[in-house]
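S.K.: Have a look; sequence and predicted model below, questions after that.
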Amino acid sequence: MAAGPVGTLEDAVLFSKRLQELERLTAEQAARLEEAAARHGALREEHEALCGCVCAAGLVAPAALQAQLAARRRPGGQPNGGQATATAVAVQPAWQQQQQQQQQ
């Protein structure tokens, strides 16, 4: 490929094309990262609003939500395992009780 320490004109052209392609790919990835960060922020806001509604409705105590969060953050915590099931079990009776109260 190289004809000496400087290289050939063809080498320089090939290098330039490769560099342009890498710059294009880098810009695409930066745009994707920015979009993902924006979506993450929106999801975090929706999550916080949903937790607030769940607590305000009396379905789950704020302390129970905080305990679930602490358990998920612990090393070895199960991100989607037992804690999610435990929260669902805690919500079900509260939701049924609320439905019964509304019917009366």
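M.R.: The structure has been received and is ready for your questions.
S.K.: Look up how far L33 lies from the one residue sitting closest to the centre of the chain.
M.R.: The residue lying closest to the centre of the chain (Cα atoms, centre = their mean) is H40, at 5.3 Å. According to Cβ to Cβ, to the nearest Å, H40 and L33 sit 10 Å apart. Quick note: C-beta positions are derived from backbone N, CA and C, even for glycine.
S.K.: Can you report how many residues lie near V54?
M.R.: As a burial measure, the neighbour count of V54 was computed by other Cβ atoms under 10 Å and equals 19.
S.K.: actually G7, not the one I typed
M.R.: G7 is flanked by 13 other residues according to other Cβ under 10 Å.
S.K.: what do you get for R18?
M.R.: Once other Cβ under 10 Å is used to define contacts, R18 is seen to have 10 neighbours.
S.K.: Can you tell me how far it is from Q68?
M.R.: Separation of R18 from Q68 (Cβ to Cβ) stands at 49 Å.
S.K.: can you map out the helices along the chain?
M.R.: Assignment of helices within the chain using DSSP state H yields the ranges 9-56, 62-73, 82-103.
S.K.: Check what pLDDT P75 gets.
M.R.: P75 is assigned a pLDDT of 84 by the prediction.
S.K.: Least confident secondary structure element in the protein?
M.R.: The helix or strand with the lowest mean pLDDT-type score in the chain, counting by mean pLDDT, DSSP states H and E, is helix 82-103 (a mean of 60).
S.K.: quick one: average pLDDT of stretch 47-54?
M.R.: Stretch 47-54 shows a mean pLDDT of 92 in the predicted model.
S.K.: Return the distance of it from the chain's centre.
M.R.: Its chain's average C-alpha position is 16 Å from that of stretch 47-54, according to Cα atoms, centre = their mean, to the nearest Å.
S.K.: same question, stretch 49-57
M.R.: Using Cα atoms, centre = their mean, we find the averaged C-alpha position of stretch 49-57 to lie 20 Å away from the chain's own average C-alpha position.
S.K.: Since that was my last question, I'll sign off now.
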